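In: Give me coordinates for this.
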Amino acid sequence: SSQLSSLPLQILFYVNGIYYIFYFLVTLAMIVYKSQVFSYPDDFLAPDLAVLFLMAILEVPRLYLGCKGNLTEEEAPLGLSLGVTVGSVVLCVYLLAWQTYVLWADVVLNAVLLCAYGLESGLKVMAIAAFVS
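Out: Now for the predicted structure:
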């Protein structure tokens with residue numbers, strides 16, 4: 001029997017987990033900074049924070065299901081992780097393009113996260129294809 005799980009995908013899950021902690025803390029600090037320095041409308045602070053916390057909530061099952069699916073060589077958890085990744089990408093695009101104030105640091109942080117999501121998604125699809133065949 002051959003091993004079908006993907007080592008690059010597993011490494012990327014680990015790196016994404018570490019990066020997301022950094023991403024969350026820096027983005028939260030920037031939202032606090034923007035609310036203090038700029039005239040941040042009160043109606044827009046709550047949705048920006050809600051999106052960030054929703055992303056954090058989605059990140060846990062996304063990484064867990066991805067790791068589980070890859071290590072057990074099952075396509076269902078990996079496919080669910082891929083579906084949750086789509087939701088995370090939408091929220092990341094919100095923080096990149098539609099939040100109240102977008103700083104250059106927001107652009108850099110979100111671009112790196114989107115690239116990681118894209119690479120991870122490609123590796124997930126390849127792993128699912130290997131598991132099915």
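In: Relative to residue 68, how far out is residue 84?
Out: 13 Å (C-beta to C-beta, to the nearest Å). The way it works is simple: take the backbone N, C-alpha and C, and place the C-beta from them, glycine included.
In: So between the two, which is more surrounded?
Out: Higher neighbour count among residue 84 and residue 68: residue 84, with 19 against 16, using other C-beta atoms under 10 Å.
In: Setting aside sequence neighbours, what's the nearest residue to the more buried one?
Out: residue 62 (4.2 Å; C-beta to C-beta, 6 or more residues apart in numbering).
In: To what extent is that neighbour buried, counted in neighbours?
Out: 26.
In: Could you say which helix or strand holds it?
Out: helix 42-72 (DSSP states H and E).
In: Please tell me how far that helix is from the chain's geometric centre.
Out: How far helix 42-72 lies from its chain's middle: 7 Å, per C-alpha atoms, centre = their mean, to the nearest Å.
In: what about residue 28, neighbour count?
Out: 14.
In: can you check residue 61 too?
Out: Neighbours of residue 61 using other C-beta under 10 Å come to 14.
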